[in-house]
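S.K.: Got a predicted structure plus its sequence, pasted below:
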Amino acid sequence: MVNSGRPWGNTGVPGIYVVLLYDLLVSLELDAPALLAGLGVSRDELLAPDRRVSMSLAQTVAERGVAMVGERGLGFRYARAMSITLHGPVGLLALSSASAQDALEAACRFLGLRAPFLEIQQARQGDMAFLQLRSTVSLGVAQDFVIEAMLVGLAFMIEQLLEVLPEGLEIHRRGPAPAYLDALKRDVGVRVLFDQDDDALVFPVSALEARPRLADPQVAAIAREQCEMQFRQWRTGEEGVMAERIRASLLDHPAPLPSLEAMADKLAVSARTLKRHLQQAGLSYRQLQDEERYRQARRLLGNRENSISEVAYSLGYSDVANFSKAFKRWSGLTPKGYREQH
């Protein structure tokens with residue numbers, strides 16, 4: 001049995017997205033109850049407005065959905081079933097923004113509130129705009145489903161905002177074309193290119209100037225205030241989770257401690273993402289390394305059978321002077337002075 005654990009507050013995935021997948025399986029006449037079997041959560045419970053589920057539960061559900069739908073293509077079907085209003089205050093902000101540019105910037109900034117496992121980068125080449133999509137964690141067999149659903153969903157979001165898809169809009173995918181390519185092209189209504197350099201949505205820069213049909217500055221201001229409040233709460237939880245994951249990975253790790261890049265690989269995120277999370281929490285990776293070295297140093301110094309030079313070498317220092325300097329920076333005492341007081 002997979003335990004859903006506690007809802008992750010502002011750091012998990014909104015339960016409504018699981019409900020949407022459940023209902024899509026019902027419409028496809030598949031065994032929707034099997035999607036949640038053994039996960040300790042029901043469809044009705046996931047309908048609660050603030051209900052979120054852990055990343056592990058969300059990934060389990062996505063993998064089951066992919067297995068059930070098979071070659072019929074889950075991503076674009078899921079995106080087609082999704083309305084922009086399903087995204088809560090983030091969707092409301094996009095709908096009421098003064099321009100398509102403002103709407104997309106809001107989607108990029110507040111993406112973590114709805115999909116904390118993804119990040120978007122904006123780029124321009126000539127008169128074309130690119131929204132490049134990347135996952136920040138390993139999504140396993142659900143990777144293609146999630147990326148496709150997000151890209152197609154962004155295209156549909158633009159269509160809902162402007163009532164028409166901009167001419168020249170394309171979806172770029174990194175992998176090979178799937179078996180359901182014809183259905184994808186027919187149902188999505190835009191050009192989909194595979195074997196590309198990035199997973200991205202591509203469209204003319206001029207489309208960013210268009211005004212959404214429901215633009216309303218007063219509504220946009222209220223929605224942005226809600227998003228900013230949720231964003232601050234999410235950041236606090238998200239960065240705290242990342243810092244604790246790093247501390248747990250460093251705990252009693254023999255010297256040398258892993259580099260930032262090695263730790264990022266271990267946690268299945270990019271080095272840039274890991275660094276950003278820590279900066280938002282007011283921390284650096286070096287601080288967390290020093291925390292662990294200091295903890296190990298105190299433990300080793302507590303055993304008086306260990307000489308100070310042995311403690312230094314155990315912690316990866318090439319000489320006692322460097323270790324003593326670091327220890328004094330951590331504690332205000334030399335290793336010898338620390339032993340005398342303890």
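M.R.: It's in.

S.K.: residue boundaries of the strands in the protein?
M.R.: Read by DSSP state E, the chain holds these strands, from start to end of the chain: 13-14, 52-53, 118-125, 128-135, 170-172, 191-193, 200-204.

S.K.: Just put these in CSV and tack on distance to residue 92, mean pLDDT and mean neighbour count.
M.R.: In this view, the C-beta of every residue, glycine as well, is placed from N, C-alpha and C. As requested, those are arranged in CSV below (distance: least, Cβ to Cβ, whole Å; pLDDT from 0 to 100; neighbours: other Cβ atoms under 10 Å):
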stretch, distance to residue 92, mean pLDDT, mean neighbour count
strand 13-14, 14, 89, 23
strand 52-53, 19, 86, 24
strand 118-125, 19, 87, 14
strand 128-135, 20, 91, 19
strand 170-172, 25, 95, 20
strand 191-193, 29, 92, 15
strand 200-204, 21, 94, 22
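
S.K.: Output those strands as a markdown table; include the columns distance to residue 214.
M.R.: As requested, the strands of the chain are exported to a markdown table (distance: least, Cβ to Cβ, whole Å):
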| stretch | distance to residue 214 |
| --- | --- |
| strand 13-14 | 22 |
| strand 52-53 | 27 |
| strand 118-125 | 22 |
| strand 128-135 | 21 |
| strand 170-172 | 24 |
| strand 191-193 | 27 |
| strand 200-204 | 20 |
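
S.K.: Residue 45 is nearest to which of these?
M.R.: Between residue 45 and the strands of the chain, the shortest separation by Cβ to Cβ is 9.7 Å, and it involves strand 52-53.

S.K.: other SSEs contacting the closest one?
M.R.: Other elements packing on strand 52-53 under the criterion 3 or more Cβ pairs under 8 Å, 6 or more residues apart in numbering; DSSP states H and E are strand 13-14, helix 15-27.

S.K.: Mind listing the strands that strand pairs with, and their directions?
M.R.: Each strand paired with strand 52-53, and its direction, by DSSP bridges: strand 13-14 (antiparallel).

S.K.: and the gap between residue 324 and residue 317?
M.R.: In this structure, residue 324 and residue 317 are 9 Å apart, going by Cβ to Cβ, to the nearest Å.

S.K.: Check the helices and strands packed on strand 52-53 for me and report the most buried one.
M.R.: Among these, strand 13-14 has the highest mean neighbour count (mean count of other Cβ atoms under 10 Å), at a mean of 23.

S.K.: and that one, how far out from the chain's middle?
M.R.: 11 Å (Cα atoms, centre = their mean, to the nearest Å).

S.K.: Then stretch 199-216?
M.R.: Relative to the chain's own centre, stretch 199-216 is displaced by 24 Å; criterion: Cα atoms, centre = their mean.

S.K.: what's near enough to touch the most centrally placed residue in the chain?
M.R.: Nearest to the centroid of the C-alpha atoms of the chain, with distances taken as Cα atoms, centre = their mean, sits residue 117, at 2.0 Å. Taking Cβ atoms under 8 Å, 6 or more residues apart in numbering as the contact definition, residue 117 lies against 13, 55, 135-137, 139, 146.

S.K.: same deal with residue 300?
M.R.: With contact set as Cβ under 8 Å, 6+ apart, residue 300 has these partners: 306, 310-311, 314-315.

S.K.: quick check, nearest of those to residue 94?
M.R.: When those are compared for distance to residue 94 (Cβ to Cβ), residue 315 wins out at 50.7 Å.

S.K.: That closest one against residue 299, yeah?
M.R.: No. Residue 315 lies out of contact with residue 299 (Cβ atoms under 8 Å); the separation is 10.6 Å.

S.K.: more neighbours, the two?
M.R.: Here residue 315 and residue 299 are set side by side on neighbour count (other Cβ atoms under 10 Å), and the busier one is residue 315, at 21 against 12.

S.K.: coming back round to it: if any of the contacts of residue 117 are buried, put those into a ChimeraX selection.
M.R.: Selecting just the buried residues from the contacts of residue 117 in ChimeraX takes one command, with 16 or more other Cβ atoms under 10 Å as the test:
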select :13,55,135,136,139,146
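
S.K.: Serialize the contacts of residue 117 to TSV and add fields for distance to residue 164.
M.R.: What follows is the contacts of residue 117, written out as TSV (distance: Cβ to Cβ, whole Å):
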residue	distance to residue 164
13	31
55	36
135	30
136	32
137	35
139	32
146	27
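
S.K.: Mind checking which of the contacts of residue 117 land in helices?
M.R.: Taking DSSP state H as the definition of helices, the contacts of residue 117 contribute 55, 146.
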